[in-house]
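Enquirer: build the 3D model from these lines:
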Amino acid sequence: MKNILFICHGNICRSPTAELLFNHIVAERHLDHLYHAESAAVSSETISRSGLGSPVYPNCRVLLEAEGIDCSAKRSVQLKKEDYDKYDLLIVMDEDNYLRAITILGGDEKGKVKRLAEYIGGTEIADPWYTRDFDKAIKDIRAGVTALLETL
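Expert: The predicted model follows:
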């Protein structure tokens with residue numbers, strides 16, 4: 001089984017959306033015995049002092065639930081150095097995520113850290129937290145995870 005980790009800043013918008021969409025598409029295609037995705041944050045901002053992560057951001061949750069994807073169990077978690085060995089691919093959403101992930105992971109000697117937008121000919125998946133364009137983000141993420149799956 002190929003394990004994939006999607007990574008964004010806070011693990012409440014883009015990366016959980018990518019995780020949940022990817023797993024949903026994989027299940028629809030009956031490929032869940034081959035691929036599994038999870039997600040994480042490069043920041044600890046969305047994780048409480050007690051260690052409880054935040055749920056998927058409401059705007060993303062509404063869009064995912066409209067497609068029949070349940071995100072109630074997803075909580076943000078922070079990327080850890082040991083995740084490099086745990087996952088076959090680590091997919092970031094933008095350049096800042098890439099640089100922070102490389103720092104946390106201690107490098108990328110096996111070339112496992114990629115940008116999701118590369119799979120659709122772009123450079124980054126814009127953060128809807130700042131752009132407020134959640135529809136565009138989910139559209140770009142869907143295109144990216146679909147292209148990633150086809151590449152795999």
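Enquirer: biggest helix in the protein by residues?
Expert: helix 134-151 (DSSP state H).
Enquirer: buried stuff in that helix?
Expert: Within helix 134-151, the residues that count as buried by 16 or more other C-beta atoms under 10 Å are 134, 137-138, 140-145, 147-149. Every C-beta, even on glycine, is put in place using the N, C-alpha and C of the backbone.
Enquirer: that one - contacts with which helices or strands?
Expert: helix 14-28, helix 58-65, helix 128-131 (3 or more C-beta pairs under 8 Å, 6 or more residues apart in numbering; DSSP states H and E).
Enquirer: give me the low-pLDDT residue ranges for the chain?
Expert: Counting by pLDDT under 70, not a single residue of the chain qualifies.
Enquirer: one more time with 90, if that's ok
Expert: Applying pLDDT under 90 to the chain flags residues 45, 48-51, 67, 122-123, 129.
Enquirer: how far away is I125 from Y35?
Expert: Using C-beta to C-beta, to the nearest Å, I125 is found at 19 Å from Y35.
Enquirer: neighbour count for these two, which is higher?
Expert: I125 (29 against 21; other C-beta atoms under 10 Å).
Enquirer: doesn't L90 fall inside a helix?
Expert: No - assessed with DSSP: H, G, I helix; E, B strand; the rest coil, L90 is strand; it does not lie in a helix.
Enquirer: let's verify A126: helix, strand, or coil?
Expert: Classification of A126 by three-state DSSP places it in coil.
Enquirer: my read: it touches D135, true?
Expert: No - contact between A126 and D135 fails when scored by C-beta atoms under 8 Å: they sit 11.6 Å apart.
Enquirer: many thanks, we can stop here.
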